[in-house]
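# the following block contains a protein sequence and its predicted model.
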Amino acid sequence: MEGKSEYVQEVFTEIADDYDQMNNKMTWGMLKGWQKIVMQKTQLKTGDRGLDVCCGTGEMAFQQREIVGPAGEVIGLDFTQSMLDVANAKLEKLRYKNVSFVQGDAMDLPFEDNSFQAVTNGFALRNVVDIQKTISEMARVTAPGGRVVCIDVSVPKFFLFRWFFNIYYYKIVPIMGHAVDKNKKIGSKFPAYTWLAESLKTLPPQDEIKQMFINAGLDDADYRGVGFGASTIYWGTKR
Ligand SMILES: C[S@@+](CC[C@H](N)C(=O)[O-])C[C@H]1O[C@@H](n2cnc3c(N)ncnc32)[C@H](O)[C@@H]1O
């Protein structure tokens, strides 16, 4: 898609204030449980340093903070200022001294090599222009022995779940989203919540994403489905 980065920024600028509430509704409250599994896969420990790439409103960064505690450090990075504004408003309430949010590009991370024990990415692989570059950048800034973990939407394999998913995700989610996006096109492109559904069509199959982890120099790359296969968690360990 031409101008994808600018368009994605416009999408998330428009929906930032309602993003958390809508996410919770659309995943029927299952999201927190999936994020917990992501956190287990990071193998983060007290005192570690973690990064959440495409952090949006900061939820996974705060979950990392719960694990690393006051002795660790967590950074969340995103390129949409309105999403970071929501994250920072939550941070102000939580008063964590060792969490910060920075504006930046997932495909060109402003961090030294081997800087973090774990680097996560939630529901953003289908939003970036270059998935391989994003995973490679996440791997670059991960310390040897550390983990890269991503989660994104996927199409269930079992036909009955897939049948239901296709109706829910492509038809009902965009309608639920009209409450926020008013079904208004962004430029000449999809309204925001129609994009959230349509963008899945650009995401490669799980095995291709796993191969991208391997290409990025990550060992033991693997994935597992959650939510009856409606999302998939991918992980790999830096050599
Ligand atoms: C679907 S939201 C996910 C937010 C959060 N990770 C979550 O799990 O709720 C996708 C996020 O990716 C961000 N994003 C997309 N492409 C990006 C890029 N190249 N660099 C940084 N952030 C990006 C968007 O601004 C948006 O906040």
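Received it, and whenever you're ready, just let me know what you need.
# and this protein, which residues reach the ligand?
Taking Cβ under 6 Å from any ligand atom as the contact definition, the chain meets the ligand at 5, 8, 12, 54-56, 59-60, 78-80, 83, 105-107, 122-124, 127-128. For glycine as for every other residue, the C-beta is placed from the backbone atoms N, C-alpha and C.
# and with 5 Å instead?
Within the chain, the positions near the ligand by Cβ under 5 Å from any ligand atom are 8, 12, 54, 56, 78-80, 83, 105-106, 122-124, 127-128.
# closest one of the residues you listed to Lys171?
Phe123 (19.6 Å; Cβ to Cβ).
# three-state assignment of the closest residue to the closest one other than its chain neighbours?
Nearest residue to Phe123 in three dimensions, chain neighbours excluded: Asp152, at 5.5 Å (Cβ to Cβ, 6 or more residues apart in numbering). With DSSP: H, G, I helix; E, B strand; the rest coil as the basis, Asp152 sits in strand.
# which residues does Asp152 contact?
Asp152 makes contact with Gly122, Phe123, Ala124, Leu125, Arg126, Leu203, Ser231, Thr232, Tyr234, according to Cβ atoms under 8 Å, 6 or more residues apart in numbering.
# redo those as JSON lines? Include secondary structure.
Shown next, in JSON lines, are the contacts of Asp152 (three-state DSSP):
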{"residue": "Gly122", "secondary structure": "strand"}
{"residue": "Phe123", "secondary structure": "coil"}
{"residue": "Ala124", "secondary structure": "coil"}
{"residue": "Leu125", "secondary structure": "helix"}
{"residue": "Arg126", "secondary structure": "helix"}
{"residue": "Leu203", "secondary structure": "coil"}
{"residue": "Ser231", "secondary structure": "strand"}
{"residue": "Thr232", "secondary structure": "strand"}
{"residue": "Tyr234", "secondary structure": "strand"}
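# in CSV, list these along with pLDDT and neighbour count.
Supplementary listing: those in CSV, determined by pLDDT from 0 to 100; neighbours: other Cβ atoms under 10 Å:
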residue, pLDDT, neighbour count
Gly122, 98, 25
Phe123, 97, 20
Ala124, 98, 22
Leu125, 98, 24
Arg126, 96, 18
Leu203, 96, 18
Ser231, 97, 22
Thr232, 98, 24
Tyr234, 98, 25
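# quick check: bridge partners of the residue most central in space within the chain?
Nearest to the mean C-alpha position of the chain, by Cα atoms, centre = their mean, lies Gly122 at 1.6 Å. Per DSSP bridges, the residues bridged to Gly122 are Ile151.
# surely it meets Gly56?
Yes: between Gly122 and Gly56 a contact is recorded at 7.2 Å, counting by Cβ atoms under 8 Å.
# pull the longest helix from the chain.
In the chain, assigned by DSSP state H, the helix with the most residues is helix 81-94.
# next secondary structure after it?
strand 99-103 (DSSP states H and E).
# how far does that following strand sit from its chain's centre?
15 Å (Cα atoms, centre = their mean, to the nearest Å).
# now stretch 189-207
Here stretch 189-207 shows a centroid-to-chain-centroid distance of 13 Å under the convention Cα atoms, centre = their mean.
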